[in-house]
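**Student:** what would the 3D arrangement of this be:
(2 chains)
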Amino acid sequence: MAGNREFFNRRLHSLLGVIPVGVFLIQHLVVNHFATRGEEAFNNASHFMESLPFRYFLEIFIIFLPLLYHAIYGLYIAFTAKNNTSRFGFFRNWMFFVQRVTGVITLIFIVWHVWETRIAAMFGAEVNYDMMADILSSPFMLVFYIVGVLSAIFHFANGLWSFMVSWGITVSPRSQLISTYVTLVIFVALSIVGIRAIFAFV
Amino acid sequence: MSEAAVKSKTVLFQITRQDSPDSNPYVEEFELDYRPNMNVISALMEIRRNPVNTKGEHTTPITWDMNCLEEVCGACSMVINGKPRQSCTALIDQLEQPIRLAPMKTFPVVRDLQVDRSRMFDSLKKVKAWIPIDGTYDLGPGPRMPEKKRQWAYELSKCMTCGVCLEACPNVNSKSDFIGPAPLSQVRLFNSHPTGEMNKADRLEEIMGDGGLANCGNSQNCVQSCPKGIPLTTSIAALNRDTTLQSFKNFFGSDRV
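**Tutor:** Numbering: from 1, shown residues only, chains lettered A, B, ... in the order given. Purely as a prediction, here's the structure:
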């Protein structure tokens, strides 16, 4: 792979965004959704995730390393683009632009979110329903979380569309159009799951 | 014919000019008498005949590139009212005034509206956009091409290397070395030819290199902007599939073709 490092890096970036990062996002949103069934249900679910065997191994190799790679390489990709939606206001060009914007917002959100929960847990804080209810009691943080979660979901859904193009799965214009609709449905569905979970803490 | 043009009987141009490759661009205005059936090139010729700007100053004639005058050579591409297109088919009657002309800044500006599109021709050499048929002996007639496939491939062969797709692409810029959509689509054209197919892997491996196919960010501006209606994004997606398979072949397989 010496001659085509960029090709490999780009394809890896595209793949990691879906597997495992995208899969982890869905899992995380689904676990959060337990909050709609009450405090105890959420605490049980999050305790189950916490007590999975090989937890640190899973966290490092399924979440942190792929996410770190995707984030750093993604920033590089985002800042090598010269956005031109004012001159070329086509739908896909807007998606291209919003994909980069939501990527950066999601990164800022995740850094803060990890600091506030996972890193705080290392210093002895307990990650549970009360912690989230406390965080989301501030209207600023509530908005920040809604924007962050929606950005992450959009970035995933639209990224799934471009993953299918980049790997040569959807080649024909028709398949690309239909996958636009499919990923739109995924965006809406996951947004409902994510937003419902956030409001369960309020 | 638009009403405004008839009423005013003049056409106003705002032209972005630049005296040399390194000098600063500036905008100069020109007003011409309206004539029926004018296009941007005939207007530029009119300015060249009498290069006086709206301030009444005598100035240098405007430099631009042109050749075929029927939208098949690609030489006269420029940014007209914000959109890159060929100036030969830009009819004055269909343009909003003032008509803004600017060079395609994605390429090095030579002077005024003239740009240097060498990078596109270099890219065609890089991706081997030809079919090698020369040998030290008669290689024979080669495999036949099905008529249906020929008709389909003809659409891809309409590319005139005009540079509009590179100008429209957000990932072709000074910060990136992406070769852009046009030469990629040519890879698909020559890879689908029965004789060209024999060098398929060479071309795929070239576009798997730095600045190649993987730099595409799927903004799909190229396919929307292409004056020849070439399915550029379909070509790119098809090549994505081909390079995926090629990379698996390279890594897991043993035959080097």
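
**Student:** chain A contacts on the stretch 1-150 of chain B?
**Tutor:** When proximity is defined as Cβ under 8 Å from any Cβ of the partner chain, the stretch 1-150 of chain B approaches chain A at B:82-83. Heads up, the C-betas are built off the backbone N, CA and C, glycines and all.

**Student:** would you point out which residue of the stretch 1-150 of chain B is nearest chain A?
**Tutor:** residue B:82 (5.3 Å; Cβ to the nearest Cβ).

**Student:** for the residue nearest to that residue when sequence neighbours are not counted, give me the pLDDT.
**Tutor:** Nearest residue to residue B:82 in three dimensions, chain neighbours excluded: residue A:87, at 5.3 Å (Cβ to Cβ, 6 or more residues apart in numbering or on different chains). If you check residue A:87, the pLDDT there is 94.

**Student:** does residue A:87 really touch residue B:80, like I thought?
**Tutor:** No: if you go by Cβ atoms under 8 Å, residue A:87 and residue B:80 don't touch, sitting 11.9 Å apart.

**Student:** name the residue of chain A that lies nearest to chain B.
**Tutor:** For chain A, Cβ to the nearest Cβ, closest residue to chain B: residue A:168, 2.5 Å.

**Student:** show me the shaky parts of chain A.
**Tutor:** For chain A, residues meeting the criterion pLDDT under 70 lie at A:1-3.

**Student:** near chain B, which residues of it?
**Tutor:** So far as Cβ under 8 Å from any Cβ goes, chain A lies against chain B at A:1, A:3-11, A:77, A:79-84, A:87-88, A:90, A:92-93, A:95-97, A:161-162, A:165-173, A:176.

**Student:** hmm, the residue of the stretch 1-150 of chain B closest to chain A is touching residue B:101, no?
**Tutor:** No: using Cβ under 8 Å, residue B:82 is not in contact with residue B:101, being 10.5 Å away.

**Student:** who has more neighbours out of these two?
**Tutor:** Between residue B:82 and residue B:101, counted using other Cβ atoms under 10 Å in any protein chain shown, the more crowded position is residue B:101 (25 against 11).

**Student:** name the SS class of the spatially most central residue of chain A, please.
**Tutor:** When Cα atoms, centre = their mean is applied to chain A, the residue found nearest the centroid is residue A:152 (3.7 Å). Following DSSP: H, G, I helix; E, B strand; the rest coil, residue A:152 is assigned to helix.

**Student:** and it, how close does it get to residue A:190?
**Tutor:** 9 Å (Cβ to Cβ, to the nearest Å).

**Student:** with residue B:25 instead?
**Tutor:** According to Cβ to Cβ, residue B:25 stands 47 Å off from residue A:190.

**Student:** got the buried residues for stretch B:191-202?
**Tutor:** B:191-193, B:195-196, B:199-201 (16 or more other Cβ atoms under 10 Å in any protein chain shown).

**Student:** how about stretch A:170-189?
**Tutor:** Across stretch A:170-189, burial judged by 16+ other Cβ under 10 Å covers A:170-171, A:176, A:179-180, A:183, A:186-187.

**Student:** nearest to residue B:169, of those?
**Tutor:** Nearest to residue B:169 among the buried residues of stretch A:170-189: residue A:176, at 17.3 Å, using Cβ to Cβ.

**Student:** contacts for stretch A:177-194?
**Tutor:** A:25-26, A:29-30, A:32-33, A:149-150, A:153-154, A:156-158, A:160-161, A:164, A:170 (Cβ atoms under 8 Å, 6 or more residues apart in numbering or on different chains).

**Student:** could I get it in PDB with only the CA atoms?
**Tutor:** C-alpha atoms of stretch A:177-194 as PDB (Å, rounded to 0.1, in the frame of the first residue of the first chain):
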ATOM      1  CA  LEU A 177     -31.200   9.000  -5.500                       C
ATOM      2  CA  ILE A 178     -32.900   6.200  -3.700                       C
ATOM      3  CA  SER A 179     -30.100   6.000  -1.100                       C
ATOM      4  CA  THR A 180     -30.500   9.800  -0.600                       C
ATOM      5  CA  TYR A 181     -34.100   9.000   0.500                       C
ATOM      6  CA  VAL A 182     -33.100   6.000   2.600                       C
ATOM      7  CA  THR A 183     -30.400   8.000   4.400                       C
ATOM      8  CA  LEU A 184     -32.900  10.800   4.900                       C
ATOM      9  CA  VAL A 185     -35.300   8.400   6.600                       C
ATOM     10  CA  ILE A 186     -32.400   7.200   8.800                       C
ATOM     11  CA  PHE A 187     -31.600  10.800   9.800                       C
ATOM     12  CA  VAL A 188     -35.200  11.400  10.800                       C
ATOM     13  CA  ALA A 189     -35.600   8.100  12.600                       C
ATOM     14  CA  LEU A 190     -32.400   8.400  14.600                       C
ATOM     15  CA  SER A 191     -33.100  12.100  15.300                       C
ATOM     16  CA  ILE A 192     -36.400  11.100  17.000                       C
ATOM     17  CA  VAL A 193     -34.600   8.500  19.100                       C
ATOM     18  CA  GLY A 194     -31.900  11.000  20.000                       C
END
